[in-house]
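Trainee: Next come a sequence and a model predicted from it.
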Amino acid sequence: MDTKITVTIDGQEVSADPGQTILEAARSQGIYIPTLCHYSKTTNVGACRVCVVEVENARSYVASCCAPVTPGMVIRTNTPAIRAAQKMIIELLWSSGDHNCLTCEQNGACELQDLVYWLQIDKPRFPIEHHGYEMDNSNTMITRDLNKCILCGRCIRACNEIQVNEVLDFANRGSYAKVGPAFDADYIDSSCVFCGECAQVCPTGAITFKQAKFAGRPWELSKTRTTCAYCGVGCQIDLYTKDNKIVKVMGNRQYGPPNEGSLCVKGRFGMDFISHPDRISKPLIRHQKGEAFKEAAWDEAYAFIAQRLAAVKKEYGPDSIAGLSSARCTNEENYVFQKFLRGGIGTNNIDHCARL
Ligand code: FES
């Protein structure tokens, strides 16, 4: 039995799965509908209404992120009336906050800014009024500027549904509505565990990474996908770097498992050791006990290691040698290390720090 549903989107027949939203059906065909509050891994709440479309015989415009397709639906995503409604929504959001891109860390990576540009809005028709909220700079990792918050609720849903930390929610009503931890506490005084998920999903500059401030504009950064080395889970991360220094760390959403784009506090904020001046980045050799370590070239260090291991093995046997690896290495690195000990040296004396 054919369980597909046929709908028409912008004059094109589209086959959709039952339960799919209009937005999902449109995107599956490459039809663009703008969104702001929609975040694919969380519940659709229809907060921003930017995704409105016309549905034939519907009483009003429909939020496409929330509305499931029904058989025979006729949908229009790009009529002049829809564009006018979207413009109005974006102008209202713009005018109700301090969206001053000159000083905003998110300039160039802001979804509100992108939609202002896409909808070709020169300036909002309404006077710009914001609350003059104090910035939350209470901690070393995340900055919150509620004057840039558009109340889309993505951070709340990411905190509650993805990370299940349940720190954030809406408080107050109407134009006094704001997002924050219980009792309007700063992050540092709340139950926040600083996973940074709220900053990763925020579409504007309301929640940003403190270490990234003034460290590089979004278009100056290089992105490199790698594996977090803090534990054995193997979380996929994107390192955003400038001049060989990490500016910020984002969970990689495209790769999928094991972390599906989420990170813990260490993976998110614990990478500055890489460029710490105290880090040993060159081999050091000490030939005798009591002697000071001396810097050496890598070739010299490897030759010294090989010569000493061979000499110890020859004199005392392979089981006189043991290897201690690290939980901070990747699975592949640990595999190579045990292979070297077992296959190369000939001993099973291999262990790692995570067992301590
Ligand atoms: Fe659909 Fe916000 S994206 S209502």
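Mentor: Thanks, I have it. Numbering: from 1, shown residues only.
Trainee: Measure how buried residue 32 is and give me the count.
Mentor: Neighbourhood size, residue 32 [other C-beta atoms under 10 Å]: 10. Using the backbone N, CA and C atoms, a C-beta is placed for each residue, glycine as well.
Trainee: Pretty sure it sits in a strand.
Mentor: No - going by DSSP: H, G, I helix; E, B strand; the rest coil, the assignment for residue 32 is coil, not a strand.
Trainee: ok, it - contacts?
Mentor: Residues in contact with residue 32 (C-beta atoms under 8 Å, 6 or more residues apart in numbering) are 26, 77.
Trainee: Got the phi and psi for it?
Mentor: Main-chain torsions, residue 32, degrees, to the nearest 10: phi -80, psi 130.
Trainee: Name all residues that make contact with residue 198.
Mentor: By C-beta under 8 Å, 6+ apart, the contact set of residue 198 is 142, 155, 158-159, 168, 207.
Trainee: Count the neighbours of residue 86 for me.
Mentor: By the measure other C-beta under 10 Å, the count of residues near residue 86 is 23.
Trainee: same question but for residue 46, I mixed them up
Mentor: The criterion is other C-beta under 10 Å. On that basis, residue 46 has 16 neighbouring residues.
Trainee: do you know how far the nearest residue to residue 195 once chain neighbours are set aside is from the ligand?
Mentor: Spatially, and ignoring its direct neighbours in sequence, residue 195 is nearest to residue 163 (5.3 Å; C-beta to C-beta, 6 or more residues apart in numbering). The gap separating residue 163 from the ligand is 21 Å, by C-beta to the nearest ligand atom, to the nearest Å.
Trainee: My guess is residue 163 contacts residue 194. True?
Mentor: No - Residue 163 lies out of contact with residue 194 (C-beta atoms under 8 Å); the separation is 10.7 Å.
Trainee: who has more neighbours, these two?
Mentor: Per other C-beta under 10 Å, whichever of residue 163 and residue 194 has more neighbours is residue 194, with 20 against 17.
Trainee: Nearest residue to the residue in the stretch 201-350 of the chain that the ligand sits nearest to in space, please, no chain neighbours.
Mentor: Across the stretch 201-350 of the chain, no residue is closer to the ligand than residue 203, which sits at 10.0 Å (C-beta to the nearest ligand atom). For residue 203, ignoring the flanking residues on the chain, the nearest one in space by C-beta to C-beta, 6+ apart is residue 111 at 3.7 Å.
Trainee: and the gap between the one you found and residue 94?
Mentor: With distances taken as C-beta to C-beta, to the nearest Å, residue 111 is found 12 Å from residue 94.
Trainee: Next: residue 145.
Mentor: Note on residue 145: its distance to residue 94, by C-beta to C-beta, is 15 Å.
Trainee: so where's the longest helix in this protein?
Mentor: Longest helix in the chain by number of residues, with DSSP state H as the criterion: helix 298-316.
Trainee: which of the residues in it are buried?
Mentor: Of all the residues in helix 298-316, those buried under the rule 16 or more other C-beta atoms under 10 Å are residue 313.
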